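Q: Predicted structure and sequence below. I'll ask about it afterward.
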Amino acid sequence: MSTIAAISTPPGKGGIAVVRISGPEAHAIAAKHVSLPSCGPQHQAVGYSLFRHEGHVVDEVMVTRYNAPHSYTGEDTIEIACHGSSYVQQAILQALIKSGAIMAAPGEFTQRAFLNGRIDLSQAEAVADLIDSTNAATHQLALSQMRGGYSHRLQQLRQQFVELTALLELELDFSEEDVEFADRKQLLSIVDTIDTECQRLCKSFHLGNAIKNGIPVAIVGLPNAGKSTMLNALLGEERAIVSDIPGTTRDTIEDTLNIHGITYRFIDTAGIRNSDDQIESLGIQRSYQTIEKAQVVLYLSENPDTLSHEINELSSHISLEGKLLIPILTKCDQIQPEGESNSSTASTPEGMLRISALTGQGINQLHQKLAVHYDVNSTQDPIITNLRHFEALEKVIASLSLVRQGLADSIPADLVVIDLREALYHLGTITGEVTSNEVLGNIFHRFCIGK
Ligand SMILES: Nc1nc2c(ncn2[C@@H]2O[C@H](COP(=O)(O)OP(=O)(O)OP(=O)(O)O)[C@@H](O)[C@H]2O)c(=O)[nH]1
Ligand SMILES: [Mg+2]
């Protein structure tokens, strides 16, 4: 194994910078330039030193020493914290390379942590997500995955798989004697348990992926309901054109907003009605597409008597299943207070909010509602955010359905075992028990150099 080095802090000038070197020769190479702190009975130590190269002092630095396997990579590692001048950083890196280290590839430190068994593949990917995280929710999801909450669940699943396969394989050993060790009913129930868990994880991807990319929220309703005014009120700026002419908004208008640590993508749409205007009709088609992709639908109406009916009408055109639907009565500043409405015999839709985009009344309740629904801290269940994991789980589920079919049709155990192994294989690709260089290459090239 070679010894690798890289600047681990972002490129450019800064207060301090960190150059990292890891591998079997890390201590020896660093010792040519700095005095290494002694660890004593500890596994890590920090000490002040000069960094020297070819008889010159390059900088005054702090040296952190890690003894294998008690480092990020699991190898002997040295981190040199120097002054953050671009020149000093480069001079230190070049000196280490001259002394025998080689330049690290992107993500190579993390790749070594994986190869040395410090972390599994899903944890390594979470490191990249953590570095990419830009809000509290993505940070929270990445951190919990990095710390192994999700891997632990996969390990449990894997264990169940292994036991199941072992039971069936036992039968293969005695195939001459035509015995069934494993009660088929019991096997089916184990398959069901594993399947339910995989399905749950797959389902969580819709949320996980939305949180990672911003949760899409469609603002919909009839023309003139006040959708564009609502978008502007939410964003606190005049983003969309507002007018009292029905059919003002033609194209979808989108902007992001962070509410209680989660990024939402609010999308204002064209008011839905039958229109002869070609452009408006195209806009209305887009409204439907937006609703289809949305996780949250804010349905706006200024009429309390027709709001329920309007929502029913919409859901007869497009499925709202699985989406968070929030009915909103708009322009509340114009409507008489609750109870005094003279004609209102229509039922109020469940969970309806009364909002005035003009005065801001009710906007906080909307924030609250979203925050409660998307409280990632309150869920103990792992949430997956990674497309690779999602696709692998889908393959696990497909193989499991073949296993179930096989067991139900009393297909010989050796054939069922093939499908079980297939499922096990796909599960293993998530944590990296089975992997290819191509997959590893794809994953670690996403990283920055020095991580
Ligand atoms: N009093 C009052 N008027 C509002 C409120 N929200 C919107 N309006 C008015 O209602 C009219 C229509 O508002 P828009 O936001 O353009 O409505 P829209 O739903 O985007 O309409 P389209 O784009 O045509 O589908 C405008 O004259 C707004 O000023 C509100 O909360 N209170
Ligand atoms: Mg509009």
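A: Looks like it arrived, so ask away. Numbering: from 1, shown residues only. Ligands and ions are numbered 1, 2, ... in the order given.
Q: wait, what's in contact with residue 229?
A: Neighbouring residues of residue 229 by CB atoms under 8 Å, 6 or more residues apart in numbering: 242, 330, 357, 358. Using the backbone N, CA and C atoms, a C-beta is placed for each residue, glycine as well.
Q: List only buried entries from these.
A: 242, 330, 357 (16 or more other CB atoms under 10 Å).
Q: Now do the helices in this protein.
A: Under the criterion DSSP state H, the chain contains helices at 26-31, 86-98, 108-115, 121-132, 136-146, 149-173, 184-213, 227-235, 278-293, 307-317, 363-373, 387-408, 413-431, 437-444.
Q: okay, stretch 154-166 in CSV with CA atoms only?
A: Coordinates of each C-alpha in stretch 154-166 appear next as CSV, following Å, rounded to 0.1, in the frame of the first residue of the first chain:
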residue,chain,number,x,y,z
LEU,A,154,-29.0,-3.5,6.6
GLN,A,155,-26.7,-5.8,8.7
GLN,A,156,-29.8,-7.1,10.5
LEU,A,157,-31.5,-7.8,7.2
ARG,A,158,-28.5,-9.5,5.8
GLN,A,159,-28.3,-11.7,8.9
GLN,A,160,-31.9,-12.8,8.3
PHE,A,161,-31.1,-13.5,4.7
VAL,A,162,-28.1,-15.6,5.6
GLU,A,163,-30.1,-17.7,8.0
LEU,A,164,-32.8,-18.2,5.5
THR,A,165,-30.3,-19.3,2.8
ALA,A,166,-28.6,-21.6,5.3
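Q: And the average pLDDT for it is what?
A: What stretch 154-166 shows for mean pLDDT is 86.
Q: List of residues touching it?
A: 122, 187, 190-191, 193-194, 197-198, 417, 420-421, 423-424, 427-428, 430-431, 433.
Q: Going by neighbour count, which residues in that stretch are buried?
A: For stretch 154-166, by 16+ other CB under 10 Å, it's 154, 157, 158, 161, 164, 165.
Q: What parts of the chain come near ligand 1?
A: Residues of the chain lying near ligand 1 by CB under 6 Å from any ligand atom: 221, 223-229, 242-244, 246-249, 270-271, 330-331, 333-334, 356-358.
Q: Restricted to strands, list the residues you listed.
A: residue 221 (DSSP state E).
Q: buried subset of the residues of the chain next to ligand 1?
A: 221, 223-229, 242, 247-249, 270-271, 330-331, 356-357.
Q: same for ligand 2: which of the residues you listed are within range?
A: 227, 228, 248, 249 (CB under 5 Å from the ion).
Q: Now distance to ligand 2 too, for the buried residues of stretch 154-166, in TSV please.
A: Formatted as TSV, the buried residues of stretch 154-166 follow (distance: CB to the ion, whole Å):
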residue	distance to ligand 2
154	46
157	48
158	51
161	52
164	56
165	58
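Q: nearest to residue 319, of those residues?
A: The shortest approach to residue 319 among the buried residues of stretch 154-166 belongs to residue 157, at 30.8 Å (CB to CB).
Q: so which of the helices of the chain comes closest to residue 14?
A: helix 86-98 (9.0 Å).
Q: Give me the helices and strands touching the closest one, please.
A: Judged by 3 or more CB pairs under 8 Å, 6 or more residues apart in numbering; DSSP states H and E, helix 86-98 is in contact with strand 4-7, strand 14-22, strand 44-53, strand 56-66, strand 77-84.
Q: Nearest to residue 307 among the ones you listed would be which one?
A: Per CB to CB, nearest to residue 307 of the helices and strands packed on helix 86-98: strand 14-22, 54.8 Å.
Q: What residue in the stretch 251-400 of the chain comes nearest to ligand 2?
A: Taking CB to the ion as the measure, the stretch 251-400 of the chain has residue 268 as its residue closest to ligand 2, at 6.0 Å.
Q: which one of the buried residues of stretch 154-166 is nearest ligand 1?
A: residue 154 (46.0 Å; CB to the nearest ligand atom).
Q: For that closest one, give its distance to residue 30.
A: As for residue 154, its distance to residue 30 is 37 Å (criterion: CB to CB, to the nearest Å).
Q: And residue 77, by the same measure?
A: Taking CB to CB, one finds residue 77 at 9 Å from residue 30.
Q: what does residue 3 give?
A: 10 Å.
Q: These two: who's more crowded?
A: Using other CB atoms under 10 Å, the more surrounded residue of residue 3 and residue 30 is residue 30, with 28 against 24.
Q: Next, the contact list for the more buried one, please.
A: 21, 36, 63, 78, 80, 96.
Q: Let's have these in a markdown table, adding pLDDT and neighbour count.
A: Supplementary listing: the contacts of residue 30 in a markdown table, determined by pLDDT from 0 to 100; neighbours: other CB atoms under 10 Å:
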| residue | pLDDT | neighbour count |
| --- | --- | --- |
| 21 | 98 | 29 |
| 36 | 97 | 17 |
| 63 | 98 | 22 |
| 78 | 98 | 26 |
| 80 | 98 | 27 |
| 96 | 98 | 28 |
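Q: Quick check: the farthest pair among the residues you listed?
A: 36 and 96 (13.5 Å).
Q: Residue 20 against residue 76, yeah?
A: No: under the criterion of CB atoms under 8 Å, residue 20 is not in contact with residue 76, lying 11.7 Å apart.
Q: Which one's more surrounded, these two?
A: Set residue 20 next to residue 76 and count neighbours by other CB under 10 Å: residue 20 wins out with 27 against 23.
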